[in-house]
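Enquirer: Sharing a sequence plus its predicted fold:
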Protein chains: 2
Amino acid sequence: MKDEKSDSLALPKKADNLNEWYVEVVERAELSDKRYPIKGMNVWLPYGWNIMQRIDGLIREEMMRTEHKEVYFPLLIPEEQFRKEAEHITGFYGEVYWVTRAGENELDVPMLLRPTSETAMYPVFSLWIRSHTDLPLKVFQIVNTFRYETKQTRSFMRVREIHFFEAHTCHTTFEDAERQIAEDIEILQNLFRKLCLHYVLCKRPDWDKFAGAHYSIGIDSVMPNGRTLQLGSIHQYKTNFSVPYNIKYEDEKGEHKFVHQTTYGMSERLLGAVIIVHGDDRGLVLPPIIAPIQVVIVPILKKEIREPIIDACRKIESALGAEGIRVKCDMRDLRPGNKYYYWEMRGVPLRIEIGPRDLEKNVVTLVRRDTLRRYEVLYTQLLKEVKHIMEDMALSLLRRAEEMQKDHIQEVNDLRNVKEGKIARMYWCGNEECGHEIEDVTGWSILGNPVNEKHPLGKCIVCGAESSDVIYVSKTY
Amino acid sequence: MKDEKSDSLALPKKADNLNEWYVEVVERAELSDKRYPIKGMNVWLPYGWNIMQRIDGLIREEMMRTEHKEVYFPLLIPEEQFRKEAEHITGFYGEVYWVTRAGENELDVPMLLRPTSETAMYPVFSLWIRSHTDLPLKVFQIVNTFRYETKQTRSFMRVREIHFFEAHTCHTTFEDAERQIAEDIEILQNLFRKLCLHYVLCKRPDWDKFAGAHYSIGIDSVMPNGRTLQLGSIHQYKTNFSVPYNIKYEDEKGEHKFVHQTTYGMSERLLGAVIIVHGDDRGLVLPPIIAPIQVVIVPILKKEIREPIIDACRKIESALGAEGIRVKCDMRDLRPGNKYYYWEMRGVPLRIEIGPRDLEKNVVTLVRRDTLRRYEVLYTQLLKEVKHIMEDMALSLLRRAEEMQKDHIQEVNDLRNVKEGKIARMYWCGNEECGHEIEDVTGWSILGNPVNEKHPLGKCIVCGAESSDVIYVSKTY
């Protein structure tokens, strides 16, 4: 048996080296195996896949609530279909995988693996949509997508086969598409609250919008080292795709018009953010709603008193299970300390320990994963306490994430004062030249204007012109 | 508005032309759109995808019950890894898609899209498995797989991007792997009972086993036209893959041994079978357990009495919904007849109609989709009756399917007497020459020996030698 202390010490401190810590946690919590022989294509292990499916489940709930329909479009896209929207091709050309052979045959028309599904879906949308009564069309899918990343890959953060959520909508007017984007933001709020994640929502500068978009909104989350991780995006396409793909509807007056479109994308990076934001020096810390196991029960067995303890564990297991709590008794033949280490690494929200003294006093010992607080509760109060902890832990993780974000924002009015480790907030006149100057001097990226915020007038950090536009600037992942 | 009668008449009779009927039902029930510009790669429409996800859910339940873990392995497989098991390559070489380019680069090592995941998983299994305590290893995944079909494609039945379930297990001994196969058969029984499907389970003749297998068991279902549709397979690999992929464990005595492996595969053909076996001249008939909508409520509105009827519909909707029944009120501005047609086509198990006369008499009118029986029940008896129908309909669909299978088996002792429209059952000595003779004369395929059946001695239909081996022979899809 491995020594638990040396195992535990070997996890790098999160504060000292976030990247190494991350790699180790992903491996030790058995989320992903990166030894698959293609770089950036990793094996989802059962525990990691289970968490991801729960995140997908939360997304599906929101999609159902807002009457999006789930579809599945083919993975392969014929080259010709891909080539219809010029900016879109340019944006993706360097990073697509091409299928050129099938069996013994060279294909006449090469096909690509979807990097995203606009060009797979839109030719079909043009068949589906005839009349204004077919609109809005709101569909989504959760699928594997592919990007030939040339940068360094990292599990869930930058991979070449991406577990991807994408919603696509079509509307009669620009205004209706704008209302969709407002709904997308509401979905985002609900989802991120459940995942206990914070975010900033910024309209990207024009040179950084999605290939083919009218405008793009980035969903970024600040990590503890001050770098931002983009967790998704929402795009207004206007008619930029409906024109080349000929997606038209007949309005009430019999006129034929192009639809206005939006998309909404998020990926397995959501899991990456959950790991980085909530985790600590003992490993993962999972928000209860996505924890495959919410409560683990560890018996403290002594030779002279085994059966009553095992019985008590089983009784609690079935009482909690009956209430819909995901609970597991760890009856393995290991020392309790090893079990603590094991389940803490995997982020199980609550541990219940039951030993001879607990039994005598009619109590159980609880250990909360986020605070590591250890305390006793009366057996009769247990169910109520467990439910309370599940709720309280979610609230407390969310609060902590939001505070972390607040702590990691620096207000800057001189580019020379931008400090590493925090994202910067500054005034910008909106002029492209000043924008590039900001990026060149800092070596960081403009995330854009925060959406739905109003600011008093200030001065552009570069040219000094008056502006009410505040922007976030950060070092990005 | 389209005329409902002409729409209804236009569906070909199932008994007259099963293939045309199938194509029409798939289209009109909005299960799949085959207008995607790559042959054999179709769009899953929301209704079809929803049913498939429910079928997947039933599979997952069985996998969890039997302690299989869900994983996700990468789609792409490097050529080198694929080439390790010689028979397996030969079996698949003609039907794999190759990725040869990424971005602007020709790849040094071409990669293929998984046709199935043995060669993606087994190199990683060889890293996971060290000791007998790591065994059995039982994993599964539900993923998209790819086969370059040259035969005519058909939605769910023969496609090039396949929605695929695959379980892979590793064991210390051949006997333990055999026990796994017994468990697989039990899983099959449970799943097929829920889908109300019948099957024959046959050990395939050697020349028809899976590429690389020690032996293969085919899961075939007889369709109403007497052709069989293979819905899945279970394979015993022995050490055929563990040797080339070097998957070894250390046993209790410290000896290193190769693992014994099995696999279990099923696909979207399960949905194809549900459509063909249960459907009728009005469209789909769905077993309640997989029906996205189990009960549809249609108000029969008269000008003078609208509100009370709408209220009654809503009340029933929430009463049934509260019991976990998937129920929908169809409040669209359409004639009731059009709604009947619409929901019958989509196979909704039960329709509730409520009109002024029902309201007066305190009854509702029920129409069961399988029998099309129409009758009244007292409002107070409704919930009980709905639950009863859900159960009874499942039983009755299963019984009907099993009877259909029984009716479609012909006992044959002279190859000249084999009749179209039924599968044939005959004695075979097991000799390969006689086997080929059977296939040549009939133009059909030997499905193999039914598993777990014992038969009295009989005579090989070709050479007359004594044998206790009965086989099924059929025209296959």
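Expert: That came in fine, so what should we check first?

Enquirer: Just to be sure, A:Trp207 is in a helix?
Expert: Yes - A:Trp207: assigned to a helix according to DSSP: H, G, I helix; E, B strand; the rest coil.

Enquirer: so the spatially closest residue to A:Leu301 that is not a sequence neighbour is in which element?
Expert: Distance criterion CB to CB, 6 or more residues apart in numbering or on different chains; nearest residue to A:Leu301, sequence neighbours excluded, is A:Ile309 at 5.9 Å. C-betas here are computed from N, CA, C, even on glycine. Counting by DSSP states H and E, the element that carries A:Ile309 is helix A:307-322.

Enquirer: which of the residues in that helix are buried?
Expert: A:Ile309, A:Ala312, A:Cys313, A:Ile316, A:Glu317, A:Leu320 (16 or more other CB atoms under 10 Å in any protein chain shown).

Enquirer: for stretch A:148-166, same thing?
Expert: By neighbour count on 16+ other CB under 10 Å, the buried set for stretch A:148-166 is A:148-149, A:153-166.

Enquirer: Give me the distance between the residue most central in space within chain A and A:Gln230.
Expert: In chain A, the centroid-proximal residue (CA atoms, centre = their mean) is A:Leu270; its distance is 1.4 Å. Separation of A:Leu270 from A:Gln230 (CB to CB, to the nearest Å) stands at 11 Å.

Enquirer: Next: A:Gly254.
Expert: A:Gly254 is 43 Å from A:Gln230, by CB to CB.

Enquirer: Please apply the same query to A:Val470.
Expert: Using CB to CB, which is the criterion applied here, A:Val470 is 19 Å from A:Gln230.

Enquirer: and if you look at A:Val441?
Expert: For A:Val441 relative to A:Gln230 (CB to CB), the value is 22 Å.

Enquirer: can you give me the helices for the stretch 251-400 of chain A?
Expert: Under the criterion DSSP state H, counting those that start in this stretch, the stretch 251-400 of chain A contains helices at A:269-278, A:307-322, A:336-345, A:356-361, A:382-407.

Enquirer: Out of these, which is the most enclosed?
Expert: When the helices of the stretch 251-400 of chain A are scored by mean count of other CB atoms under 10 Å in any protein chain shown, the highest mean neighbour count falls to helix A:269-278 (a mean of 25).

Enquirer: Taking their axis directions, that helix and helix A:382-407 sit at what angle?
Expert: Relative orientation of helix A:269-278 and helix A:382-407, computed by axes from the mean of the first three to the mean of the last three CA atoms, to 10 degrees: 90 degrees.

Enquirer: and helix A:269-278, what other elements does it pack with?
Expert: Applying 3 or more CB pairs under 8 Å, 6 or more residues apart in numbering or on different chains; DSSP states H and E, we find helix A:269-278 packed against helix A:18-28, helix A:46-65, strand A:228-238, helix A:382-407.

Enquirer: Quick check: which of those is nearest to A:Glu437?
Expert: A:Glu437 lies closest, by CB to CB, to one member of these: strand A:228-238, at 20.2 Å.

Enquirer: any idea how far A:Ile289 is from chain B?
Expert: A:Ile289 is 19 Å from chain B, where distance means CB to the nearest CB, to the nearest Å.

Enquirer: Who are the contact partners of that residue?
Expert: By CB atoms under 8 Å, 6 or more residues apart in numbering or on different chains, A:Ile289 lies in contact with A:Arg54, A:Leu58, A:Lys194, A:Leu195, A:Ala394.

Enquirer: same question, A:Gly265
Expert: A:Thr116, A:Phe164, A:Phe165, A:Glu166, A:Ala167, A:Gly232, A:Ser233, A:Ile234, A:His235.

Enquirer: Bridging across strands, which residues link to it?
Expert: A:Glu166, A:Ser233 (DSSP bridges).

Enquirer: So in chain A, where's the weakest helix or strand by average pLDDT?
Expert: Here the helix or strand of chain A ranked lowest by mean pLDDT, DSSP states H and E is helix A:4-10, holding a mean of 53.

Enquirer: so who does the residue in the stretch 151-300 of chain A that chain B sits nearest to touch?
Expert: Taking CB to the nearest CB as the measure, the point where the stretch 151-300 of chain A comes nearest chain B is A:Glu161, at 5.4 Å. Applying CB under 8 Å, 6+ apart, we find A:Glu161 in contact with A:Gly40, A:Met41, A:Asn144, A:Thr145, A:Phe146, B:Pro74, B:Leu75, B:Leu76.
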